[in-house]
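>>> take a look and give me a structure for this.
(one chain, ligands or ions: 2)
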Amino acid sequence: MAHKKVIDPITGAETTGHVWDDTLQEFNNPLPRWWLWAFYGTVIFALVYWFLYPTWPLGFTERGFTVGSKTITFKSDSGEEITTHWNMRALLAKEMQTDELELKRKEMVKKVAATPFDKIAKDPEMANFVLAYGKGIFGDYCAACHQRGGQGVIGHYPNLVDDSWLWGGDVADIETTIRKGRKGNMPAHKGTLSATEIDQVANYVLSLSGEKVDATAAKAGKTIFNTKGCSGCHTPAATGMKALGSANLTDKIWTQANVPGAKDLAGKLQAVKTVVSNGIQREMPTWESRLSNEEIKVLVAYIKLLAQ
Ligand code: HEC
Ligand code: HEC
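Ligands and ions are numbered 1, 2, ... in the order given. Sure, this is the predicted structure:
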């Protein structure tokens, strides 16, 4: 609909020609320049963006969307150079290879992997790195059982920070534990020992770590310990054997029998009797196939540092 130019008599500006409520009119001013240019700018930006980056979800295209012309080149973990259309995942991969912190982390992991443990412990930079990076790996894979701080759960998962070991605390032992896993196995004795015998042997076991027990019962218990198979696994001195993962019973450190949680001697005896009656079957999983050599090395160093 063509309309006649109407000029507002007071300002001299053109109006749209419409009148509401007798007098109300609307000026027909041009759009401000800055606004118009900004608008054109966004249109051009959108076109350039569309051309360079993944933009439209179009089902008939190869990937289901337009990929744009911009590319990213990065090295895969195997060292192969990969060029792909621009995308966040490739960008992250590239940043992981060029980011300063990430490069430093990789360099430190290599350094730790090539350094013997006693040197790692003495080098504050490496030790701090192992504590920080190891904490992350431990949190991801181990803490579910051994708890965040590595203190374990008595009766379920051994404490890794007390420097007392079922399977040996040398770096080689700990590495084997992590790589191959371990099966802790003590047979149940409720079928082979009477209740009295179990009570006697429990008295003996507690006497080994200095508990004030019934001396007569403990004496009888000692004989049972040395004739009914206990000493075969725990040694006659009851200090344990790392080849079997059999606990040291003389050190006041308990991993399965909840002696520290008992209020009185009766409770302590009960804790030991329960273990002797029911035996123990528990398993540390193997990690060889799930963690890299470097991660295992960092974990061993981490555990050694925690247990110091
Ligand atoms: C599913 C639970 C579970 C997870 C996860 C687990 N462990 Fe264990 N771990 C155990 C159990 C159970 C034992 C005790 C085995 C036994 O009875 O001798 C154990 C034993 C160990 C020991 C030997 C302790 C000793 O006294 O000799 C070390 C070291 C250890 N784990 C380290 C690790 C590390 C490192 C990780 C993470 C990579 C890990 N564990 C993950 C359950 C677990
Ligand atoms: C076949 C070998 C074997 C025999 C036999 C055996 N034990 Fe054990 N015992 C073990 C192992 C292995 C462990 C540790 C298991 C684990 O932590 O997963 C253990 C753990 C224990 C514990 C728990 C220690 C703790 O720190 O909580 C007690 C107590 C114990 N044994 C007492 C005895 C007594 C008493 C006898 C004899 C009646 C006996 N054991 C016979 C292998 C044996």
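>>> up against ligand 1, what does the chain have?
Residues of the chain lying close to ligand 1 (C-beta under 6 Å from any ligand atom) are 141-142, 144-146, 157-158, 160, 165-167, 174, 177-178, 182, 184, 245, 282-285, 287, 299, 303. Quick note: C-beta positions are derived from backbone N, CA and C, even for glycine.
>>> in helices only, show me the residues you listed.
Counting by DSSP state H, the residues of the chain next to ligand 1 place 141, 144, 145, 146, 174, 177, 178, 299, 303 in helices.
>>> now for those residues, which pair is the farthest apart?
144 and 174 (18.6 Å; C-beta to C-beta).
>>> mind checking which of those two has more residues around it?
residue 174 (22 against 10; other C-beta atoms under 10 Å).
>>> hmm, the more buried one is touching residue 300, no?
Yes: contact criterion C-beta atoms under 8 Å: residue 174 and residue 300 qualify, at 5.0 Å.
>>> out of the residues of the chain next to ligand 1, which end up buried?
Burial by neighbour count, 16 or more other C-beta atoms under 10 Å: within the residues of the chain next to ligand 1 this picks out 141-142, 146, 157-158, 160, 165-167, 174, 177-178, 182, 184, 245, 282, 284, 287, 299, 303.
>>> how about whichever residue of the stretch 1-150 of the chain sits closest to ligand 2: what's its closest non-neighbour residue?
Closest contact between the stretch 1-150 of the chain and ligand 2, by C-beta to the nearest ligand atom, is at residue 145 (12.6 Å). Closest residue to residue 145 apart from its sequence neighbours, by C-beta to C-beta, 6 or more residues apart in numbering: residue 157 at 4.4 Å.
>>> same check on residue 66?
residue 56 (4.7 Å).
>>> for the one residue in the chain that gets nearest to ligand 1, what are its contacts?
Nearest to ligand 1, among the residues of the chain, is residue 184, at 2.1 Å (C-beta to the nearest ligand atom). By C-beta atoms under 8 Å, 6 or more residues apart in numbering, the contact set of residue 184 is 166, 245, 280, 281, 282, 283, 284.
>>> kindly report the same for residue 119.
Listed by C-beta under 8 Å, 6+ apart, the contact partners of residue 119 are residue 126.
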